[in-house]
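**Student:** Below is the sequence, then the predicted model.
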Amino acid sequence: MTSLLRRAAYRTFMFVAALALVVVIWEVYKAFGPVDGGKLFGARVLPRTSDYAMPHVADMFSRFNRPEVRGSDRTVFSAVLAGAWFSFRLSVVGFVIGGTLGIALAVLMARFRWVQRGVLPYLVVSQTVPLIALAPLVVSWGGKVEIGPFVWPRWLSAAVLGAFLAFFPIAVGTLRGLAAASASSVELMQSYAASWTKTLFKLRFPTAVPYMTPAFRLGASASVIGVVVAEISTGLKGGIGRLIIEYAREATGDPAKVYTAIFGAAALGLTMAGVVIAADVFVMRNRPKENIL
Amino acid sequence: MKKRSVRVAFASIAALSLLVAACGGSDDAADEVADETTEETTDESAETCTTPTPVKLQLQWFIQAQFAGYFAAQDQGFYTDQCLDVTIVEGGVDITPQTELATGNVDFAISWVSKALASREAGADIVNIAQVFQRSGTLQVSFKDKNITKPEDFKGKNIGNWGFGNEFEIFAALTKAGLDPASDVTLVQQQFDMVGLLTGDIDAAEAMTYNEYAMVLEAVNPATGELYTADDFNVISYEDAGVGMLQDAIWASGERLVSDAAYADTAARFVAASLQGWAYCRDNVEACRDIVLAKGSKLGASHQLWQMNEVNKLVWPAAGGVGFIDDAAWNRTASLSQETKNLEGGTVLTAAPDAEAYTNDIVTEALDILAGLGVDTNGSSYAPIEVTLNEGGN
């Protein structure tokens, strides 16, 4: 237990130290770097150090305490927090949709080879479609969906785009995991006259868990990216993506402010990854170490 | 043991879905987003209006004073008085109002005329039913020391522009000045902010009178420690340069106007209430600023007041009645769109827009409704106010 604690303390220390190092590098470069940046053959290779390009870190953090617009009680901090929470919920929705879809596809592909042959290439192709091209389309389709009392809310479009990015690593990782059961184990199941479903749940899924956990981690961060990009692209109100553009518009007068929203987005991604890693650790707690990929 | 971990895996998935059901899927999230700001029905309308007609309006961008008239009409109950239940849908980076309208997601959309005509030529059946902004608000802003006072001076300079159809006036000015956009100037893609101008990457930056121009006047000049002033800049107005194109107009579905009498009637009432909102904002500049701020605009109060005042200048005075589409201005926009060469040598429009691309029938009907209500629709005595900008627009 003490060794666990010590390891946690060490990790926290390294995390803080790494952050501090970034801050130091930023400020040192800002202090000594060329004000107009460095150019090589006409192309800028070194960034500018002006306050527009690189505001002081202290300025960025001081913005958190300011009211969002003058005269309102709401600070930038609570606005960013609310935005991150909103986007987090959408990312979770996207992750769950993407995860369900990904696992279902993986099972189908593992069961029927022809499905795998037919579907897998399209899954790969699907990920080459740029999200910003897809976002307005999904919003447009969503605007038409009305099934009985269910009216497609606009936020669902963002969640679906998160799911679109999240399902791919999950489907591929799970598929690989399902195929990883050793031939002798499969033969053993066959000798018991176990059905395919039985084999799936008793053998294939347990074997797949170490493959699925890293896939879920990838899927979780992909879902966050999908949601934030979709928010930026479709102007969905309430999330961190929208805050990034709104604050970026103010960069002319207040270049440090947009960084508060960027920090919020980073914190959101870390939180999402943290939740999934915690779930991983829980699922994998009884596995021998070398099994963990 | 293996069995357990599977069960745990499924349990955690189930738990996650529960979490989602508990927070993500709840109705309050939907309400937050849909921005369904339905105003309460007033008593006098209740006698004639049993079920208000639902109407969706698509804006070009986020909530700001550029769209104050519609928010004022909603806030002041002008839409309710016309028996309308209006939902105002914000725009986004990749949301094209013309497309949203043409695909039937919304009933009306706000768009610039040249952009909408390009969409119409591409097959979108959309019709201009009210020209809210009578003049163009596009500027090209540069520092005094660059000596850019007319479009001819663009030669050899870095000219900022936003693209996405917001750059047509720049090309028109270049064409008129005898410059080739492809070789005589360097066109620079501009961000949402004016940092490019202030850092010197852009010699002359595109700016709207009501937005980006205010942004530079809200920024601190590092040389003096004070805010930049209008004296620091040269400003070219495309309206004054003779290449101004018509901007914010209300567009409706052409097919529904013809086939659906109820829609045409709704359109007239919608335009009337919207124009009443614009008249309200002309006479109550500060109240409209507050309405826009209350809707959740993130831009500061002095910036919004500036924007409201500048937008009013684009709408008022309206000689032919607010929203009326002036033939001369329309034809100028249409012919500039056909003559102006872009980087690839093509033009915005390949042929003149057909006669059905705009109609004054709806706005005439709307102006009649407003005359009955005693609303001043010309604003001939309109005078702008003086606005002082604070740092960061606060």
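**Tutor:** That came in fine, so what should we check first? It should be emphasised that the depicted structure is a prediction, and the values quoted were computed from it without experimental measurement. Numbers count the residues shown, from 1 in each chain, chains lettered A, B, ... in the order given.

**Student:** per-domain residue ranges of the chain.
**Tutor:** As the question left the chain open, I've gone with chain A. Using automatic domain parsing, the domain parsing of chain A gives A:1-54, A:56-291.

**Student:** You answered for a different chain; I wanted chain B.
**Tutor:** As assigned by automatic domain parsing, chain B contains the domains B:43-134+B:246-393, B:138-237.

**Student:** Distance from the chain centre to the first one, please.
**Tutor:** Looking back up the chat, that one is domain B:43-134+B:246-393. 8 Å (C-alpha atoms, centre = their mean, to the nearest Å).

**Student:** Let me see the mean pLDDT of that domain.
**Tutor:** Averaging pLDDT along domain B:43-134+B:246-393 gives 90.

**Student:** circling back: most tightly packed of the domains of chain A?
**Tutor:** domain A:56-291 (a mean of 19; mean count of other C-beta atoms under 10 Å in any protein chain shown). For glycine as for every other residue, the C-beta is placed from the backbone atoms N, C-alpha and C.

**Student:** So what's the residue count around the nearest residue to residue B:342 once chain neighbours are set aside?
**Tutor:** Distances taken as C-beta to C-beta, 6 or more residues apart in numbering or on different chains place residue B:171 nearest to residue B:342, at 5.5 Å, with adjacent residues excluded. When counting by other C-beta atoms under 10 Å in any protein chain shown, one arrives at 23 neighbours for residue B:171.

**Student:** quick one: residue B:171 and residue B:181 touch, right?
**Tutor:** Yes: using C-beta atoms under 8 Å, residue B:171 is in contact with residue B:181, at 5.5 Å.

**Student:** quick one: common contacting residues for these two?
**Tutor:** B:341, B:342 (C-beta atoms under 8 Å, 6 or more residues apart in numbering or on different chains).

**Student:** who touches the residue in chain A positioned nearest to chain B in this structure?
**Tutor:** Chain B sits closest to residue A:235 of chain A, with a gap of 2.4 Å, by C-beta to the nearest C-beta. Contact analysis of residue A:235 by C-beta under 8 Å, 6+ apart lists A:242, A:245, B:61, B:62, B:90, B:91, B:92, B:93, B:95.

**Student:** Now do it against residue B:115, distance only.
**Tutor:** Going from residue A:235 to residue B:115 by C-beta to C-beta, to the nearest Å gives 17 Å.

**Student:** Which secondary structure element is home to the nearest residue to residue A:207 once chain neighbours are set aside?
**Tutor:** Distances taken as C-beta to C-beta, 6+ apart place residue A:181 nearest to residue A:207, at 4.5 Å, with adjacent residues excluded. For residue A:181, there is no helix or strand it lies in under DSSP states H and E.

**Student:** Isn't residue A:181 up against residue A:203?
**Tutor:** Yes: the pair residue A:181 / residue A:203 is scored as a contact, 5.3 Å apart, by C-beta under 8 Å.

**Student:** residue ranges for the helices of chain A, please.
**Tutor:** Per DSSP state H, chain A carries helices over the ranges A:2-32, A:57-62, A:76-111, A:113-126, A:131-142, A:154-178, A:183-191, A:196-199, A:205-234, A:240-249, A:257-283.

**Student:** Where among the ones you listed is average confidence lowest?
**Tutor:** When the helices of chain A are compared on average pLDDT, helix A:131-142 comes out lowest at a mean of 83.

**Student:** Can you give the contact residues for that helix?
**Tutor:** By C-beta under 8 Å, 6+ apart, helix A:131-142 touches A:152, A:154, A:156-157, A:160-161, A:164-165, A:226, A:229-230, A:233-234, B:93-96, B:99-100, B:103, B:105.

**Student:** now stretch A:103-110
**Tutor:** Taking C-beta under 8 Å, 6+ apart as the rule, stretch A:103-110 contacts A:115-116, A:119-120, A:123, A:167, A:170-175, A:177-179, A:200, A:204.

**Student:** Just the CA coordinates for stretch B:219-227, please, in PDB.
**Tutor:** Extracted in PDB, the C-alpha atoms of stretch B:219-227 (Å, rounded to 0.1, in the frame of the first residue of the first chain):
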ATOM      1  CA  ALA B 219      -7.200  47.300 -28.200                       C
ATOM      2  CA  VAL B 220      -4.300  49.000 -26.400                       C
ATOM      3  CA  ASN B 221      -1.600  50.600 -28.500                       C
ATOM      4  CA  PRO B 222       1.600  49.300 -27.000                       C
ATOM      5  CA  ALA B 223       3.400  52.500 -28.000                       C
ATOM      6  CA  THR B 224       1.200  54.800 -26.000                       C
ATOM      7  CA  GLY B 225      -0.500  52.500 -23.500                       C
ATOM      8  CA  GLU B 226      -3.800  54.000 -24.500                       C
ATOM      9  CA  LEU B 227      -6.500  52.600 -26.800                       C
END
